[in-house]
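>>> What follows is a predicted protein model with its sequence.
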Amino acid sequence: MKIVVIGGTGLIGSKTVKKLLGFGHEVIAASPASGVNTITGEGLAEVMAGANVVIDVANSPSFEDNAVMDFFKTSGRNLLAAEANAGVKHHIALSVVGTERLQESGYFRAKAAQEDLIKNSGLPYSIIHSTQFFEFLGGIAASAAKDEAIHLSPAPIQPIASDDVAAAVVDVALGGPLNGTVEIAGPERVSLSALVARYLNNVNDPRTVISDVNAKYFGAPLNDKTLIPGDNPRIGQINFETWFANQPARS
């Protein structure tokens, strides 16, 4: 089976490609570097020829409100049109748990727009809503930094390792279209502020995490349900300690 992975050289994409190749499939890691650009349309018709499944795990290079909306709308339209022309049988997109609850954030408004394009495309599809990745904890800390302190909500979060995300993406890709959404999450539910404090302690970052119920998450307010999955999500196997223990040594 020919499977095209848009964003196939990124964090999730590269792991997904490796796993699919291990199952013996023909897998194309598509990115601008390989001559496939979903914004300009370059290379889309060629890479889609004969494809059975397309997995979109690409992300916007900018999180600025207008730029991220333009990215996901333009990329989505071009990609879905090329798939329709090629007769692709299954479109898979990676999105975020809580997207519909985070609409005060420009990034999540753009992800919702991407999902709407998929749902209205007429193509068989599966949308995977993932909780936040452990790999982005440093970025979360940076986004919430004020002087020497990190201000974060104590809202619960159920973070997941990128290896577990890729495993879930592969399972969905090798199954039939859901024409709906599945949620994936990590094995441990913890306060966002406590989790980032644990991460900073492990990387010997001396900054203090201040738990603040009014702190926003990439521009959106949080409550006790915003960042956690609903009933019966797929649960990953890797907890924070196992994930951290397998990270490259820091200088």
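Yes, it's here.

>>> all helices for the stretch 101-250 of the chain, in order.
106-119, 137-143, 162-173, 192-202, 240-245 (DSSP state H, counting those that start in this stretch).

>>> now for the third one, which elements pack on it?
This means helix 162-173. helix 11-22, strand 53-56, strand 90-96, strand 125-130, strand 180-185 (3 or more CB pairs under 8 Å, 6 or more residues apart in numbering; DSSP states H and E). No exception for glycine: its C-beta is placed from N, CA and C like everyone else's.

>>> let's see it at 6 Å
helix 11-22, strand 125-130 (3 or more CB pairs under 6 Å, 6 or more residues apart in numbering; DSSP states H and E).

>>> Output the helix or strand following the longest one as CSV, nothing but the C-alphas.
Once the chain leaves helix 11-22, the next helix or strand it forms, by DSSP states H and E, is strand 26-30. Coordinates of the C-alpha atoms in strand 26-30 are reproduced here as CSV (Å, rounded to 0.1, in the frame of the first residue of the first chain):
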residue,chain,number,x,y,z
GLU,A,26,5.6,2.0,0.3
VAL,A,27,5.9,5.2,2.3
ILE,A,28,6.7,8.7,1.0
ALA,A,29,8.0,11.3,3.5
ALA,A,30,6.6,14.4,1.8
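
>>> burial of residue 118, as a residue count?
19 (other CB atoms under 10 Å).

>>> quick one: residue 131 and residue 97 touch, right?
Yes. In terms of CB atoms under 6 Å, residue 131 counts as a neighbour of residue 97; the distance is 4.7 Å.

>>> where in the stretch 101-250 of the chain is pLDDT low?
250 (pLDDT under 70).

>>> picking that back up, any idea which of the helices and strands packed on helix 162-173 gets closest to residue 187?
Minimum separation from residue 187 across the helices and strands packed on helix 162-173 (CB to CB) falls at strand 125-130, 13.8 Å.

>>> Okay, now the sheet partners of the closest one, with direction.
According to DSSP bridges, strand 125-130 forms sheet pairs with strand 90-96 (parallel), strand 180-185 (parallel).

>>> Residue 27: which of these is closest?
strand 90-96 (13.2 Å).

>>> re earlier: and the helices and strands packed on helix 162-173, which is most packed in?
Counting by mean count of other CB atoms under 10 Å, strand 125-130 has the highest mean neighbour count of these, with a mean of 24.

>>> Please list the residues outside that one that contact it.
For strand 125-130, contacts defined as CB atoms under 6 Å, 6 or more residues apart in numbering pick out 91-95, 97, 115, 118, 165, 172, 177-178, 181-184.

>>> do the same with stretch 170-184
19-20, 53, 55, 90, 92, 97, 124-130, 168, 229, 233-234.

>>> Can you show me the CA trace of it as CSV?
Output in CSV follows, covering the C-alpha atoms of stretch 170-184 (Å, rounded to 0.1, in the frame of the first residue of the first chain):
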residue,chain,number,x,y,z
VAL,A,170,0.0,4.0,12.2
ASP,A,171,-2.9,2.0,13.6
VAL,A,172,-5.4,4.4,12.2
ALA,A,173,-3.7,4.5,8.9
LEU,A,174,-3.8,0.7,8.6
GLY,A,175,-7.4,0.5,9.5
GLY,A,176,-10.5,1.8,7.6
PRO,A,177,-11.6,5.4,7.7
LEU,A,178,-13.5,6.4,10.8
ASN,A,179,-15.3,9.3,9.2
GLY,A,180,-15.0,10.8,12.7
THR,A,181,-12.5,11.6,15.5
VAL,A,182,-10.5,9.4,17.9
GLU,A,183,-8.7,10.8,21.0
ILE,A,184,-5.3,9.7,22.2
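
>>> Which residues belonging to it are considered buried?
For stretch 170-184, a neighbour-count test (16 or more other CB atoms under 10 Å) marks 170, 172, 173, 181, 182, 183, 184 as buried.
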